[in-house]
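Novice: Here is my input, please return the structure:
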Amino acid sequence: MPVKKAMDNFKKKTVSGVKWVAFGNYAQKAMTFGSFIVLARLLEPEVFGLFAMAFIVIDGLNLFKNMGVDAALVQRKDDVERASHTAFWMMPIMGVVIFALLYFMAPVAAVLLREESITPVLRCLGIIFVLGSIQSVPQSLLNKELKFRELEIRTLISTVLYVICAITLAYLQFGVWSLVYAYLVRRFSMLILTWTMAHYTPKMIFDKKIALELLQFGKFIFGSSIVLFLMLNVDNFLVGRMLGVASLGFYALAYNISDLTTSHLSNMITWVMFPAYSKIQDDKKQIKEINMKIIKTIAIFSVPFGLMLMLMGEELVGTVYGTKWLPIVPAIKILAICSILLPIESILDATFTALSKPKWSFNLRLTNIVLMCVTLPVMISWKGLVGAAIAVTFSKVITIPVKLYLARNLLGIKIRDILGAVQPVFFSAIIMIISTVVIKNIFLLGSDRGFLALIKLAGVCFPIIAIYGLVLFLFDKAGVMDIKKAVCNG
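Specialist: Presented below is the predicted three-dimensional model:
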């Protein structure tokens, strides 16, 4: 009975975690999406391009802030308290060193990126490394204990502050500094809230043996993070360097739009399922069953979103962001393929890491980045932004079959099992495509602008989504009710 009770409690915490992370991510995406609609009309593409260029450097150095120690702390089974104190004294040293390195190396980065104005931006943003190093351990402990409610409330509050600050400063014509200062406000508020919620008190304990163990586990997480950074930023670097900061602004928006569900679902999976799987890493049958349910749930959301981008990209961008952003539409339609497939891939990565196979994800991500480095320069030279989208999509999607093969060997997950799970989504998607074409022709979107265009866009999107949901309910009533039950009772 105690084992059953513990498992029931674990399931309850996991489902509750998924619910809170899903809610938090959707709310956060809604706020950032809405604020970006305003910011896109207040700021020029060059501003977004400069900010995105700065984060190529920031994200690169961000990899070194904890060397995978935070993930090692979440995964650790024994001596957790002693390990947390040891990790705490390791983190600030890394943060201060990285901040100093960035401050003095910012001019070099400006030369490499061919953008002199990026130097003060980088130096100002470097403060986040000190803030993040102080926040790392209490955040990892909240994550380990599956306290996602606290984490998401913290994130939502900080996002609200970011939105208010960014829009206010943009209206006051602060340019790129409206984004920089708003981001610093967000990170500082997250630090304060994390410590408030974690109730963690560090002690003067440092165990060299534990420190080495944390670094040993974290090395593959760290290595995989380096490759992930390159995957997420090599395209930004090459677009900015080969096509200029304005083109990078266009590309950044195209990628962010197509990434709305990808990052949301991927973050939710990694954030919740990695610590959850770490607690039951010896029960592979249980992990397989959970995996199949999650894959179907992910497909329910990622497939219609990707299809909407493919079928209505021009209407969505022109109406929501304005006609000056229409050049990004062809790239968005290509990147929509990633929106459909990559969230499903994320559950496999979380599984590999939790089952002490982080090397698998590392090697496959390394393959992704090699392909990107080879294809991006050629495709950008040939097709510009569209070429970049083609190269990125090809390089990221090509390794999914390999991950499915590894999942089959590790957990017995077969491709036909996945196809069977997503079959209702497939049929619903076909009806959705047909209904989109018909409804678009009825409303005749295209020439209107302003409030009337928004009304027409809503008039198209709402019935399409309703039709998709209704057909899905008819094909898979039990699956839809399971999701509803999980959300309502989690």
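
Novice: can you give me the helices for the stretch 201-350 of the chain?
Specialist: Here the stretch 201-350 of the chain has its helices, by DSSP state H, counting those that start in this stretch, at 208-243, 245-258, 260-279, 284-320, 329-354.

Novice: dump the residue contacts of L232.
Specialist: Listed by Cβ atoms under 8 Å, 6 or more residues apart in numbering, the contact partners of L232 are D59. (Each C-beta comes from the backbone N, C-alpha and C, glycine too.)

Novice: what about it, distance to F475?
Specialist: Counting by Cβ to Cβ, to the nearest Å, the gap from L232 to F475 is 35 Å.

Novice: Quick one: the helices of the stretch 201-350 of the chain as a markdown table, columns for mean pLDDT and distance to T393 too.
Specialist: Output for those, formatted as a markdown table (pLDDT from 0 to 100; distance: least, Cβ to Cβ, whole Å):
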| stretch | mean pLDDT | distance to T393 |
| --- | --- | --- |
| helix 208-243 | 75 | 10 |
| helix 245-258 | 87 | 9 |
| helix 260-279 | 59 | 11 |
| helix 284-320 | 82 | 11 |
| helix 329-354 | 83 | 5 |
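
Novice: what's the closest of those to I98?
Specialist: When the helices of the stretch 201-350 of the chain are compared by Cβ to Cβ, helix 208-243 sits nearest I98, at 13.6 Å.

Novice: Going by neighbour count, list what's buried in stretch 314-328.
Specialist: Of the residues in stretch 314-328, E315, L316, V317, G318, T319, V320, Y321, W325, P327, I328 count as buried by neighbour count, 16 or more other Cβ atoms under 10 Å.

Novice: Same question for stretch 35-52.
Specialist: Residues of stretch 35-52 classed as buried by neighbour count (16+ other Cβ under 10 Å): 35-36, 39-40, 42-43, 45-52.

Novice: repeat for stretch 144-164
Specialist: Across stretch 144-164, burial judged by 16+ other Cβ under 10 Å covers 144, 146-152, 154-156, 158-163.

Novice: Take those and keep only those in helices.
Specialist: Secondary structure from DSSP state H places 144, 148-152, 154-156, 158-163 of the buried residues of stretch 144-164 in helices.

Novice: How confident was the prediction at V15?
Specialist: We have a pLDDT of 59 for V15.

Novice: Let me see the ranges of the helices in the stretch 51-200 of the chain.
Specialist: Going by DSSP H, counting those that start in this stretch, the stretch 51-200 of the chain shows helices at 69-75, 80-113, 118-125, 127-144, 148-171, 176-198.

Novice: among those helices, which is nearest A252?
Specialist: Nearest of the helices of the stretch 51-200 of the chain (Cβ to Cβ): helix 176-198, 11.5 Å.

Novice: Which strands and helices lie in contact with that closest one?
Specialist: Contacts defined by 3 or more Cβ pairs under 8 Å, 6 or more residues apart in numbering; DSSP states H and E place helix 176-198 against helix 45-62, helix 118-125, helix 127-144, helix 148-171.

Novice: need the ones you listed in JSON lines with mean pLDDT and distance to V185, can you?
Specialist: Shown next, in JSON lines, are the helices and strands packed on helix 176-198 (pLDDT from 0 to 100; distance: least, Cβ to Cβ, whole Å):
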{"stretch": "helix 45-62", "mean pLDDT": "85", "distance to V185": "15"}
{"stretch": "helix 118-125", "mean pLDDT": "94", "distance to V185": "12"}
{"stretch": "helix 127-144", "mean pLDDT": "86", "distance to V185": "11"}
{"stretch": "helix 148-171", "mean pLDDT": "90", "distance to V185": "5"}
